[in-house]
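Asker: Build the 3D model from these lines:
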Amino acid sequence: MTTAKIKRRIAAKGRGTVFVPGDFLDIGSRAAVDQALSRLASQGVIRRLARGVYDYPKQSRRLGELSPDTDAVARAIARKDSHVVEVSPARAANMLGLTTQVPAKAVYLTSGPSRVRQIGRHSIIMRKAAAKNLVGAGRPTGIVFQALRYFGKNGVDDAVVAKIARSLDADTCAKLVRDAVKAPVWIQSVAGKIATAAV
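Answerer: Modelled structure (predicted):
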């Protein structure tokens with residue numbers, strides 16, 4: 001029964017989903033969930049990426065099972081360990097179209113310990129960060145704050161402010177100003193400029 005329910009939920013979320021046992025504790029006990037995931041992995045329904053981390057892999061007719069999305073894996077690891085995680089400043093700047101350079105390494109800031117997790121052929125690098133550098137983590141505002149850190153206090157110019165402002169809707173701008181209260185003062189100032197430019 002537990003296995004069938006977990007299988008249905010996984011299928012409903014679609015291929016590419018990454019999950020951990022804790023995502024299914026509303027369905028059964030930890031022991032029952034672990035047993036169900038192990039069974040589904042043995043059947044080839046899901047793939048075990050690392051201890052306690054699985055995915056429902058995307059498929060390619062030519063390549064077979066595709067590599068998992070590193071962002072999804074990082075978020076799953078964070079849920080498993082009850083930590084906060086956010087993309088690196090360089091990745092955030094690229095995501096917002098502020099740079100064209102795609103970081104060669106998958107680096108994430110975390111509230112947990114620094115470590116490297118090997119997922120197949122890919123390494124996910126977790127770097128411990130102070131709480132002030134994780135404000136907005138997991139939300140669109142967190143990506144903006146990381147992008148600002150990429151440029152630094154003296155590197156954010158009017159062009160950067162304008163480009164970020166154009167990418168945000170009114171709701172996100174309002175949240176940006178609210179979340180910035182917990183960030184360093186210079187980021188609070190820039191957040192205000194972004195919100196004003198977006199009006």
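
Asker: Quickly list the domain ranges of this structure.
Answerer: 2-65, 70-198 (automatic domain parsing).

Asker: Where does pLDDT dip in the chain?
Answerer: Along the chain, segments meeting pLDDT under 70 span 199.

Asker: where do the strands sit along the chain?
Answerer: Assigned by DSSP state E, the chain shows strands spanning 18-19, 47-50, 53-55, 59-60, 64-65, 85-87, 106-110, 115-119, 122-128.

Asker: among the domains of the chain, which is the most enclosed?
Answerer: domain 70-198 (a mean of 17; mean count of other CB atoms under 10 Å). Backbone N, C-alpha and C define where each C-beta goes, glycine included.

Asker: rewinding a little: between the strands of the chain, which one is nearest to residue 168?
Answerer: strand 85-87 (16.7 Å; CB to CB).

Asker: and the closest one, what does it pack onto?
Answerer: helix 70-81, strand 106-110, helix 140-151 (3 or more CB pairs under 8 Å, 6 or more residues apart in numbering; DSSP states H and E).

Asker: Who are the packing partners of the shortest one?
Answerer: This points to strand 106-110. Packed next to strand 106-110, using 3+ CB pairs under 8 Å, 6+ apart, are helix 70-81, strand 85-87, strand 122-128.

Asker: and of the helices and strands packed on strand 85-87, who's closest to residue 167?
Answerer: Here helix 140-151 is closest among the helices and strands packed on strand 85-87 (CB to CB), at 8.6 Å.

Asker: The closest one: how far from the chain's middle?
Answerer: Distance of helix 140-151 from its chain centroid, counting by CA atoms, centre = their mean, to the nearest Å, is 13 Å.
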